[in-house]
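Asker: predicted model and sequence follow; I will ask about them next.
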Amino acid sequence: MSRLPVDAEAIRSLAKILTETGLTEIEIAEKDSRIRVVRAPAAIAPATYAAPVAAATPAAAHPAAGTPVSVTPATADLSKHPGAVTSPMVGVAYLSPEPGAAPFASMGQPVTAGQTLLLIEAMKTFNQIKAPKAGTLTQFLVASGDPVEFGEVLAVIE
């Protein structure tokens, strides 16, 4: 069995690119050789958002539409909540169909089962995340443009 020559400098350069970009995998191929560097995804620290203190406190402005949206930090308790809407994939969350458009759902308003709450873009495909049940949308835990992980709580329906 012959050994392929190892280009340690190329591997270091690829690993540096992974670190700089946040990617988890990169591969280059040339003629009959191929180098693939893979690392376990780093745990993304949850972003810290200011939670509304009282109902009279204005909510954060929706980045795309300028409409109010409440963003609350995720906690371990919410993952067990019966109304938790979790991400089925890794991607980027969007609360409206396009920049400048009204959001799919607004906090404090009723939603119906099957209603689109947000989109998750993964591999250039926009996937609708729908309400699993009818109720009132009490919390959004992501903002438009936020990266999301598989199983992350995105919203809560009471």
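Answerer: Received the coordinates, thanks.
Asker: okay, and the helix or strand of this structure with the least pLDDT?
Answerer: strand 60-61 (a mean of 41; mean pLDDT, DSSP states H and E).
Asker: let me see the contact set for residue 26.
Answerer: Residues near residue 26 by C-beta atoms under 8 Å, 6 or more residues apart in numbering: 14, 17, 18, 36, 37. For glycine as for every other residue, the C-beta is placed from the backbone atoms N, C-alpha and C.
Asker: and of the residues you listed, the nearest to residue 92?
Answerer: residue 18 (18.8 Å; C-beta to C-beta).
Asker: using the three-state scheme, assign the closest one.
Answerer: Taken by DSSP: H, G, I helix; E, B strand; the rest coil, the conformation at residue 18 corresponds to helix.
Asker: surely it and residue 36 touch.
Answerer: No - with contact defined as C-beta atoms under 8 Å, residue 18 does not reach residue 36; the gap is 11.1 Å.
Asker: so which of the two has more stuff around it?
Answerer: Using other C-beta atoms under 10 Å as the criterion, residue 18 and residue 36 rank with residue 18 on top: 16 against 11.
Asker: for that one, give me its contacts.
Answerer: Counting by C-beta under 8 Å, 6+ apart, residue 18 makes contact with 24, 25, 26, 37, 39.
Asker: looking at it now. What's its pLDDT?
Answerer: Listed pLDDT for residue 18 reads 73.
Asker: how much space between it and residue 84?
Answerer: Distance, residue 18 to residue 84, by C-beta to C-beta, to the nearest Å: 32 Å.
Asker: residue 129 touches residue 88, doesn't it?
Answerer: Yes - applying C-beta under 8 Å, one finds residue 129 in contact with residue 88, separated by 7.4 Å.
Asker: give the residues shared as contacts by those two.
Answerer: residue 120.
Asker: so those two - more neighbours on which side?
Answerer: It is residue 129, of residue 129 and residue 88, that has more neighbours when counted by other C-beta under 10 Å, with 22 against 14.
Asker: list the buried residues in the helix or strand harbouring the more buried one.
Answerer: Element membership of residue 129, judged by DSSP states H and E, is strand 125-130. In terms of neighbour count (16 or more other C-beta atoms under 10 Å), strand 125-130 has its buried residues at residue 129.
Asker: over to stretch 92-105?
Answerer: 93, 94, 95, 96, 97, 103, 104, 105.
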